[in-house]
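Enquirer: Fold the stuff below for me.
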Amino acid sequence: MRPQSVILTFLGDHVYGRGVCVASRSFIEAFARVGISEEATRSTLTRMVRRGLLRRRRSGRRMYFGLTPTSAEVLKDGERRIWHSGVVNDADDDRWTLIGFSLPESWQRQRHELRSRLIWAGFGPLQNGLWIAPGEVDPAEVVEDLGANVKVFSAEPRRPTDMPTLVRDAYDLEGLGDRYREFLRRWDQADPAPEAPDDLARSLMLLTGWLQIIRADPRLPLRYLPDDWPAEKAQRVCHALHERFRGEAVAVADGLLDTVLDESWAER
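Expert: Residues are numbered from 1 along each chain as shown. So this is what the prediction gives:
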């Protein structure tokens, strides 16, 4: 697990919405439980400050870290994906967002950045320069500041379009399904993660792994997915285990947390 992903999981499950900054020592002690070294934690916190995901605040001789508007939005998105939107798209309508773009061949950086953003937003490549995503997707943040020549449409499929084949070609369904099945192999058992020292560690491992999967899941219409699609079962397992781990995880986290008031939060 990437340390930054674990830090965001910890912040989302135990800090987001509380209006506090957390001491570096609290992060170090929490992440040692999942095998992340003190050096890796400290360097990751520093990188997240540089990227605008955290801000520092010194109190006495201790350094604390608080959320920024950027990280708050990331955590809000994670909360929505885990607890509200769900992994099954069983909508009756069959609406899609199409986005076409044209970038000069010399714009390699912008081309890579745009494709990364499209994948993050649930798009898959339909053909060269034309990508498709299920539902109504606002592309504003996807194309913002890239200077791309972009055209966006909302559409419905029409005959003779073979949508099951189109979906299989545009998205790596086999790879995504394998990730859900691997999640189930690891967690759908009586005593998952027996190597973990406590339920805080199990909860961090569970949610970090789950977020990595669902953030790569475009929530394709159920009608175009295989009959044995494992996402819904994996979601039930994740939610049930989180509830099972919750009591001890909160107690352990509260015992580790050294916090101070986030003054910027109070001013919002």
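
Enquirer: looking at this, residue 58 is in a helix?
Expert: No. Going by DSSP: H, G, I helix; E, B strand; the rest coil, the assignment for residue 58 is strand, not a helix.

Enquirer: beta partners of it?
Expert: residue 63 (DSSP bridges).

Enquirer: Isn't it up against residue 64?
Expert: Yes. Counting by CB atoms under 8 Å, residue 58 does reach residue 64; the two are 7.2 Å apart. Yep, even glycine has a C-beta here, placed from its N, CA and C like the rest.

Enquirer: Which of these two has more residues huddled nearby?
Expert: Neighbours per residue (other CB atoms under 10 Å) separate residue 58 from residue 64, with residue 64 holding more: 23 against 10.

Enquirer: Model confidence for the residue nearest to that one when sequence neighbours are not counted, exactly?
Expert: Of all residues not flanking residue 64 in the chain, residue 21 sits nearest, at 3.8 Å (CB to CB, 6 or more residues apart in numbering). With respect to pLDDT, residue 21 scores 96.

Enquirer: quick check, residue 21 in a helix?
Expert: No. Counting by three-state DSSP, residue 21 is not found in a helix; it is strand.

Enquirer: hang on, isn't it packed against residue 258?
Expert: No. When contacts are counted by CB under 8 Å, residue 21 is not listed as touching residue 258 (9.6 Å).

Enquirer: more neighbours, those two?
Expert: residue 21 (25 against 16).

Enquirer: Could you check how far that one is from residue 74?
Expert: Counting by CB to CB, to the nearest Å, the separation of residue 21 from residue 74 is 17 Å.

Enquirer: what does residue 52 give?
Expert: Residue 52 is 11 Å from residue 74, by CB to CB.

Enquirer: which of those two has more neighbours?
Expert: Using other CB under 10 Å as the criterion, residue 52 and residue 74 rank with residue 74 on top: 17 against 11.

Enquirer: Retrieve the pLDDT associated with the more buried one.
Expert: 92.

Enquirer: counting contacts, what elements does the host helix or strand of it pack onto?
Expert: Assigned by DSSP states H and E, residue 74 falls within helix 69-80. Contact here means 3 or more CB pairs under 8 Å, 6 or more residues apart in numbering; DSSP states H and E; on that basis helix 69-80 packs against helix 3-14.
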